[in-house]
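[1] starting from these lines, generate the structure:
(chains A and B)
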Amino acid sequence: MEHARAATIDFRGCVQKNVIVSTPAIEFEALTKDYAFGFWRKRQRRALDALTFEVREGEVFGFLGPNGAGKTTTLKLLMSLIFPTSGTARIRGRSIGDIEMHREIGFLPEQPYFYDYLTARELLDYSARFFKFTASDRRERVTRFLERVGLSAAADVQLRRFSKGMLQRVGIAQAILHDPQVIFLDEPTSGLDPVGRREVREIILDLQRQGRTVFFSTHILPDAEVLCDRVAVLVGGKLQGVGAPQEIVSIEVQGMEVLFELPAGRTVPTAFASHVTPSGGAYRLDVPEAQLYDAVAQLRACDARILSVTQLKPTLEDYFFKLVGHDAAPSYAVEVANK
Amino acid sequence: MSSVPFFVAVNTFRESVRDRVLYNLIFFALLMIVAAVFVGQISIGIERLVIVNLGLSAISLLGLVMSVFIGVGLVYKEIERRTLYSILAKPVRRWEFLAGKYLGLLLTLAINTALMTLGLFLALLYVNHAIVRADAPILLAVYFILLEFALVTALALFFSCFSTPMLSTLYTLGLFIGGTFASDLRDAGALSSSGVVKALTSILYYALPNFSNFNVIGATAHGDAIPFTLVWQNTAYAAIYILALLLAASAVFSNRNLK
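    Below is the predicted model:
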């Protein structure tokens, strides 16, 4: 667990920076959630274990973890859909129990399901009513946000006829319709096709450009790498680390990848033949960074044509899998007590 | 005064309409047409009695079915389908949502009942060729039926906050049947020589919602006068019982972890 320890150190550093810079958008303070189970509900399973970190204003923050890690539990706690066993959280300095704070936040649930007898326009209008807009402001917003998520043509179609991607988009529209400062998205790109994922990513980046804080949970790591200023990794209800994706993965030892072609009749130098793999008519050589120049010199000596040299950075996915192992499953949640 | 319950109520009413809940009106209309056409042939001189009896009983039965079967799913369905999540993430208090769901179903029941009452009066007009002053107590009987619906819906909503629709239906129907026969239960207990049985039936009589108080269908059909004291007594009784049930439902729902 060296990664976890290293990342946690980084996380502590981030907190210190955060306190100095500004009021955090979201603060978690030892947030813990236990679920009772069993016939008499006397046994307890810890779904979230003393979650403590902060999210800064204006950042896109990825909340990563395998299924059952506690991501949705965390979001439900923030939305007061469930209540913490201990600890607390604040959004823009206000308690999560403060209902007026909900004027400043937007929320897209996981696999959203809305009233399917409503049309997209009716759903957005219904959502807007809770924010005391005037009728004309409501109409204008609904039209604008339907356009923004690309649903203008389907505005008057009942939601029961919507595809999963369309539901996700209308879900995002209802979450941002009132211009919230902090937006929570639970698995916003899950189950979408590549086009849908790109559209959702663009909406998130657009929100970031407007200075909003976006906190989204995902297990789709490439999305997190592309979008996030910082990420937190949660496994088995426990925080494994917080930091920029690059910072988190840079803990790993790095290597170099050399892509090259050989003239006809030439063979791969024997010194590193075991590190070379054919790759679509060319060859790929993986070497430690310290041996790069020596390897390139040897390749040039045998008239190899160097196509590219790339730094081998471990991806967030590599880091993630190292943390969770191979059987990432809901079983990570820990049973904590037998009463 | 928060307008949130009003928004939720309107949406709940829209849900009922789009789920074709008001289609029961077709059945009621057919029943009234058949009754009006054939009642003169089979019951000479008692047409009014039959039409009023049949009409009010049908209004009561159809409304009760709606109250129970829609009421028990009011909250449960929202939790199961997770439609509630995006609503409660907005500045909506749980009690406001609950009040809105209750008022929405009540609005549906009121409109449904109003339309059926209109059908009943049309059938009376067909049979008697006139609506007379003596028919006015029918409106009072309908008002009592509405109070009954409001009470049953509050019971169903209360159970819906923590139980499955099937169990909630059993609880609500059980209490409705128990409450309808509460007086009989107490009378039966009074005949017993056991003090425990007497005490138990007496407690049940006071604890159960007394639905028999709301039933004036027979008296109305026979043209008997309904005392005014019964109007305010029933209104106050229903209001207190409903308020207590809604407060209890709100307390349960506000502290519930949504799955």
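
[2] helices of chain B, residue ranges please.
    Secondary structure of chain B by DSSP state H: the helices cover B:4-18, B:24-42, B:47-71, B:76-80, B:83-88, B:94-128, B:137-160, B:165-180, B:182-191, B:195-207, B:217-221, B:228-254.

[3] please identify the deepest-packed of these.
    Mean neighbour count (mean count of other CB atoms under 10 Å in any protein chain shown) peaks for helix B:137-160 among these, with a mean of 24. Any C-beta I mention is one placed from the backbone N, CA and C, and that applies to glycine too.

[4] and that one, what other elements does it pack with?
    Packing contacts for helix B:137-160, counted by 3 or more CB pairs under 8 Å, 6 or more residues apart in numbering or on different chains; DSSP states H and E, involve helix B:47-71, helix B:94-128, helix B:165-180, helix B:217-221, helix B:228-254.

[5] ok, back up a step: where among the helices of chain B is the average confidence lowest?
    Note on the helices of chain B: helix B:24-42 shows the lowest mean pLDDT, a mean of 84.

[6] what about the stretch 1-150 of chain A, any weak spots by pLDDT?
    Scanning the stretch 1-150 of chain A with the threshold set as pLDDT under 70 gives A:1-21.

[7] now do the helices in it.
    A:2-21, A:71-78, A:120-129, A:135-148 (DSSP state H, counting those that start in this stretch).

[8] can the third one be said to contact chain B?
    If I follow you right, that is helix A:120-129. Yes. Helix A:120-129 lies within reach of chain B by CB under 8 Å from any CB of the partner chain, at A:Y126, A:S127, A:R129.

[9] starting at the chain centroid, how far to that helix?
    Averaged C-alpha coordinates place helix A:120-129 at 27 Å from its chain's average position (CA atoms, centre = their mean, to the nearest Å).

[10] and the last one, by the same measure?
    Helix A:135-148 has its C-alpha centroid displaced from the chain centroid by 29 Å (CA atoms, centre = their mean).

[11] what residues does it touch?
    Contact partners of helix A:135-148, identified using CB atoms under 8 Å, 6 or more residues apart in numbering or on different chains, comprise A:120-121, A:124-125, A:128-129, A:133, A:152, A:155, A:173, A:176-178, A:203.

[12] show the buried residues in these.
    For those, a burial check counting by 16 or more other CB atoms under 10 Å in any protein chain shown picks out A:120-121, A:124-125, A:128-129, A:133, A:155, A:173, A:176-178, A:203.

[13] farthest-separated two in the residues you listed?
    Pairwise distances across the buried ones among the contacts of helix A:135-148 (CB to CB) peak at 22.9 Å, for the pair A:R129 and A:I203.

[14] and A:L151, how far from A:S127?
    14 Å (CB to CB, to the nearest Å).

[15] of the buried ones among the contacts of helix A:135-148, just say which sits nearest to chain B.
    A:R129 (4.7 Å; CB to the nearest CB).

[16] residues contacting the closest residue to the closest one other than its chain neighbours?
    Once flanking residues are discounted, A:R129 sits nearest to B:F7: 4.7 Å by CB to CB, 6 or more residues apart in numbering or on different chains. In this structure, B:F7 makes contact with A:Y126, A:R129, A:F130, B:G100, judged by CB under 8 Å, 6+ apart.

[17] same check, this time on B:G104
    B:G104 neighbours (CB under 8 Å, 6+ apart): B:V8, B:A9, B:V10, B:N11, B:T12, B:F13, B:E15, B:S16.

[18] does the residue of chain A most remote from its centre belong to a helix or a strand, and which?
    The C-alpha centroid of chain A is most remote from A:G265, which lies 48.9 Å away (CA atoms, centre = their mean). Using DSSP states H and E, no element contains A:G265; it sits outside every helix and strand.

[19] quick check: it vs A:G280, distance?
    Following CB to CB, the distance that separates A:G265 from A:G280 is 20 Å.

[20] looking at the helices of chain B, which is closest to A:V55?
    helix B:83-88 (20.6 Å).

[21] so what does the closest one touch, helix or strand wise?
    Helix B:83-88 packs on strand A:105-108, helix A:164-176, helix B:76-80, helix B:94-128, going by 3+ CB pairs under 8 Å, 6+ apart.

[22] hey, C-alpha coordinates of that helix in PDB?
    Output of helix B:83-88 as PDB, limited to C-alpha atoms (Å, rounded to 0.1, in the frame of the first residue of the first chain):
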ATOM      1  CA  THR B  83     -37.500  10.000  -8.700                       C
ATOM      2  CA  LEU B  84     -37.400  11.500  -5.200                       C
ATOM      3  CA  TYR B  85     -33.600  12.000  -5.300                       C
ATOM      4  CA  SER B  86     -33.500  14.800  -7.700                       C
ATOM      5  CA  ILE B  87     -36.400  16.500  -6.000                       C
ATOM      6  CA  LEU B  88     -35.000  16.300  -2.500                       C
END
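
[23] contact partners of it?
    Counting by CB under 8 Å, 6+ apart, residues outside helix B:83-88 touching it are A:76, A:79-81, A:107-109, A:112-115, A:127, A:130, A:171, A:174-175, B:8, B:75, B:77-78, B:94, B:97, B:258.

[24] grab the most central residue of the chain for me.
    Defaulting to chain A. Within chain A, and using CA atoms, centre = their mean, the residue nearest to the centre is A:G62, at 3.2 Å.

[25] hm, I was asking about chain B
    For chain B, by CA atoms, centre = their mean, the most central residue is B:F149; offset 1.2 Å.

[26] for chain A, see how far away B:V65 is.
    21 Å (CB to the nearest CB, to the nearest Å).

[27] list the contacts for that residue?
    B:N24.

[28] would you say A:Y293 is within a helix?
    Yes. Checked against DSSP: H, G, I helix; E, B strand; the rest coil, A:Y293 lies within a helix.

[29] now the residue in the stretch 51-200 of chain B that chain A sits nearest to: phi and psi?
    The stretch 51-200 of chain B approaches chain A most closely through B:A89 (3.6 Å), counting by CB to the nearest CB. Note on B:A89: backbone dihedrals following degrees, to the nearest 10 are phi -80, psi -10.

[30] from memory it sits against A:M101, does it?
    No. Counting by CB atoms under 8 Å, B:A89 does not reach A:M101; the two are 10.8 Å apart.

[31] many thanks, I have nothing further to ask.
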